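J.: just a sequence and a predicted model for now, questions to come.
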Amino acid sequence: MIELGVNIDHVATVRQARRTYEPDPVIAAALAEQGGADGITFHLREDRRHIQDRDVEVLMKTVSVKTNMEMACDDVVLKIACQLKPTWGLLVPENRQEVTTEGGLDVIADSGRIKNAIKQLKDAGILTSLFIDPDPAQVHASVELGVDAVELHTGPYALAKHDSVALELARLQQAGRTASDAGIRLHAGHGLNYANVRPIAGLPNMTEMNIGHSIVSRAVMVGMREAVAEMRRILDLAG
Ligand SMILES: CC(=O)[C@@H](O)[C@H](O)COP(=O)(O)O
Ligand SMILES: NCC(=O)COP(=O)(O)O
């Protein structure tokens, strides 16, 4: 069965629009669990545009399923992660101008900084994953750094139109095979939704999918518990 990590960042985006107290991502996480989430994912960005330090502290006390904290290789955020000890730490690239995560980490070019972040997380007993483009060379570089998983960036696939969808899916299939052959746990995420998720769920050895924006968007209409349950049903049919 494919594990569903529900990313609640954009519940916090709505709250931060007014710098107020609601909607609370902590309550959203509890409802996501009731809807069938296997994990709760949250991204403590350097710019704190959505998830706040308070959210991470309370989530770590209230979430009863796996916790997956996303972060850049930023010393301040890494220190918070090592103090709070989420189940997983997913290292992602960040820049202040981005609307959302644009590409995967360049594990080859940035191996020193990434290696140091991995060591900090591992020393704190946190499982480590790298958010990478579906590129076999990046998969191999990730394996070299001794991480527990790679999360393939499905953004280009999600944005693809017409016949480029097949091309992007082929890239993900090849990178997925590389990860499986290397014996590393395979995750996927970014831009996945109720219409495009099944081919990704069908990739061999796909173990976990982290999905947020589309579930939160659906939750605005039907509620978080039902939005998660709907995605859960799709994954159960696919996996
Ligand atoms: C890495 C990834 O694709 C997401 O998990 C990330 O959280 C996106 O960043 P925003 O949540 O800021 O859009
Ligand atoms: N790592 C991907 C994630 O957590 C959710 O990304 P998205 O579904 O919000 O694009």
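T.: Received it, and whenever you're ready, just let me know what you need. Numbering: from 1, shown residues only. Ligands and ions are numbered 1, 2, ... in the order given.

J.: mind listing the strands for the chain?
T.: Taking DSSP state E as the criterion, the chain carries its strands at 3-7, 39-43, 66-71, 88-91, 127-132, 149-153, 185-189, 206-211.

J.: does the residue nearest the centre of the chain have beta-bridge partners, and which?
T.: The centroid of the chain falls nearest to Asn210 when counting by CA atoms, centre = their mean (4.4 Å). Asn210 has the following beta-bridge partners by DSSP bridges: Gly5, Gly189.

J.: excluding chain neighbours, what is closest to His43?
T.: Glu70 (3.8 Å; CB to CB, 6 or more residues apart in numbering). Any C-beta I mention is one placed from the backbone N, CA and C, and that applies to glycine too.

J.: in CSV: the strands of the chain, plus distance to Val107 and mean pLDDT.
T.: Below are these laid out as CSV (distance: least, CB to CB, whole Å; pLDDT from 0 to 100):
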stretch, distance to Val107, mean pLDDT
strand 3-7, 21, 98
strand 39-43, 19, 98
strand 66-71, 16, 98
strand 88-91, 9, 98
strand 127-132, 6, 98
strand 149-153, 9, 98
strand 185-189, 15, 98
strand 206-211, 18, 98
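
J.: in TSV, list these along with distance to ligand 2.
T.: Shown next, in TSV, are the strands of the chain (distance: least, CB to the nearest ligand atom, whole Å):
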stretch	distance to ligand 2
strand 3-7	3
strand 39-43	4
strand 66-71	6
strand 88-91	6
strand 127-132	6
strand 149-153	6
strand 185-189	3
strand 206-211	4
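
J.: redo those as CSV? Include distance to Thr178.
T.: Shown next, in CSV, are those (distance: least, CB to CB, whole Å):
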stretch, distance to Thr178
strand 3-7, 21
strand 39-43, 24
strand 66-71, 22
strand 88-91, 19
strand 127-132, 11
strand 149-153, 9
strand 185-189, 10
strand 206-211, 13
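
J.: of the ones you listed, which is nearest Glu226?
T.: Nearest of the strands of the chain to Glu226, taken as CB to CB: strand 3-7 at 12.6 Å.

J.: number of residues surrounding Ala141?
T.: Applying other CB atoms under 10 Å, we find 22 residues neighbouring Ala141.

J.: isn't it right up against Ser111?
T.: Yes: the criterion here is CB atoms under 8 Å, and Ala141 meets it with Ser111 at 6.6 Å.

J.: quick check: the gap between the residue of the chain positioned farthest from its centre and Ala188.
T.: No residue in the chain sits farther from the centre than Asp163, which is 26.4 Å out by CA atoms, centre = their mean. Distance, Asp163 to Ala188, by CB to CB, to the nearest Å: 21 Å.

J.: can you give me the mean pLDDT across stretch 172-179?
T.: The average pLDDT within stretch 172-179 is 98.

J.: can you give the distance of it from its chain's centre?
T.: On the basis of CA atoms, centre = their mean, to the nearest Å, stretch 172-179 sits 18 Å off its chain's mean C-alpha point.

J.: is ligand 2 contacted by the longest helix along the chain?
T.: For the chain, the longest helix by residue count, based on DSSP state H, is helix 164-181. No: against ligand 2, helix 164-181 shows no contacts by CB under 6 Å from any ligand atom, the least distance being 13.8 Å.

J.: and the residue nearest to Leu169 when sequence neighbours are not counted, how many neighbours?
T.: Setting aside the residues directly before and after it, Leu169 is nearest to Pro199 in space (CB to CB, 6+ apart), at 5.6 Å. For Pro199, the neighbour count with other CB under 10 Å is 16.
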